[in-house]
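Engineer: A structural model of the following input is requested.
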Amino acid sequence: MHQDPLFPEWNPAPPEDEVERLAELRAFDQLGRLAERYRSSRAFGALLDFVIRMRDLSPYNAALLHLQKPGATQVRTAAEWRELGRRVRPDAQPALLLHPGGPLRFVFDVSETEGPPPPPSAAAADVRAALEALALRVRARGVEVTGPLFGPEPPGRLRRGEGRFVIQMEEADDAARYATLVYELARFFLGHLGGCEGCDLEDRPPPDAISGRFEAGSVAAIVCGRAGVPTEAGAFVRGYLQSFAEVPELSLDRVLRVAGRLERLSR
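Structural biologist: Coordinates of the predicted model:
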């Protein structure tokens, strides 16, 4: 679309859906350009802690917020703060987040507002309910969950069945089963096991075993951490960050997207 720099009022406004698409592209591009910031283990660990802590936001929005306000603790729009009786200070600097149904939303940290004490952040999910919801909803996406509470299959891990993927759960408590399910589904949705017909996946094998384990483990660390569930996959990621200066090759964009997808499927 031609734009007249001398007479901007003559420039026709793009359609609403085009505005939304361009805004999202700018936000995603910002994350892509700055992903190098998280190549160091120290920076990646700080991002991981922040995303886990900010349960009120999607993992992707939490990462976008960390780029802009790494010290934020609780963010809302000005209108949302007003509803809670708090006022945004005149010198406050907004952060830009993606917004469902619209291009962007401007949010302010609680430290930039004044008024009565804010409500607590969102509580962790009910693990049993999340486990059952996740197992049920991935069935429509080509993944069958079997094992204790879900069928008589022997213990095992994610594997290909006859035209489907099968996760055979081991005997364990709800938290351990949820952690196992999230990690195996992270591998599935990341494309580590290849694509499958009708399940909206691309064939994206990791460059090596460590990268694959770290990428899937990062998804599990986010989803399980936000649900208050310990996970061996998260422990592996933390151990790696303590032992090495840089993280292995991974797609931060996909980690955040898959973490958000699994969290939505758990509700």
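
Engineer: So which residues of this structure form helices?
Structural biologist: Under the criterion DSSP state H, the chain contains helices at 16-34, 41-53, 59-68, 78-83, 127-137, 174-190, 209-226, 232-243, 252-265.

Engineer: Just put those in a markdown table and tack on mean pLDDT.
Structural biologist: Formatted as a markdown table, those follow (pLDDT from 0 to 100):
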| stretch | mean pLDDT |
| --- | --- |
| helix 16-34 | 53 |
| helix 41-53 | 97 |
| helix 59-68 | 93 |
| helix 78-83 | 96 |
| helix 127-137 | 93 |
| helix 174-190 | 92 |
| helix 209-226 | 96 |
| helix 232-243 | 96 |
| helix 252-265 | 94 |
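
Engineer: Quick one: those helices as a markdown table, columns for distance to residue 95 and mean neighbour count too.
Structural biologist: C-beta coordinates here come from the backbone N, C-alpha and C atoms, glycine included. Listed next are the helices of the chain as a markdown table, based on distance: least, C-beta to C-beta, whole Å; neighbours: other C-beta atoms under 10 Å:
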| stretch | distance to residue 95 | mean neighbour count |
| --- | --- | --- |
| helix 16-34 | 11 | 13 |
| helix 41-53 | 13 | 18 |
| helix 59-68 | 4 | 22 |
| helix 78-83 | 12 | 14 |
| helix 127-137 | 28 | 18 |
| helix 174-190 | 27 | 24 |
| helix 209-226 | 20 | 24 |
| helix 232-243 | 26 | 17 |
| helix 252-265 | 16 | 21 |
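
Engineer: Mind checking those helices for the one nearest to residue 89?
Structural biologist: Nearest to residue 89, of all the helices of the chain, is helix 78-83, at 10.3 Å by C-beta to C-beta.

Engineer: quick one: that closest one to chain centroid distance?
Structural biologist: 25 Å (C-alpha atoms, centre = their mean, to the nearest Å).

Engineer: Tell me which residues are up against that helix.
Structural biologist: Residues from elsewhere that reach helix 78-83 (C-beta atoms under 8 Å, 6 or more residues apart in numbering): 87, 88, 106, 108, 113, 115.

Engineer: Against residue 105, how distant is the fifth one?
Structural biologist: As defined by C-beta to C-beta, to the nearest Å, residue 113 lies at a distance of 16 Å from residue 105.

Engineer: cool, and the last one?
Structural biologist: Computed with C-beta to C-beta, the distance linking residue 115 and residue 105 is 20 Å.

Engineer: out of those two, which sits in the busier spot?
Structural biologist: More crowded of residue 115 and residue 105, by other C-beta atoms under 10 Å: residue 105, with 19 against 13.

Engineer: residues touching that one, list them.
Structural biologist: 77, 96, 97, 98, 99.

Engineer: again with residue 250
Structural biologist: 211, 214, 215, 218.

Engineer: right, and residue 215 touches residue 207 too?
Structural biologist: No: assessed by C-beta atoms under 8 Å, residue 215 is found out of contact with residue 207, at 9.9 Å.

Engineer: count of neighbours near the closest residue to residue 111 other than its chain neighbours?
Structural biologist: In space, and not counting its chain neighbours, residue 111 is closest to residue 73: 7.1 Å by C-beta to C-beta, 6 or more residues apart in numbering. Residue 73 has 13 neighbours, counted by other C-beta under 10 Å.

Engineer: which of the contacts of residue 105 sit farthest apart?
Structural biologist: Pairwise over these, using C-beta to C-beta, the maximum falls at 77 and 98, 13.2 Å.
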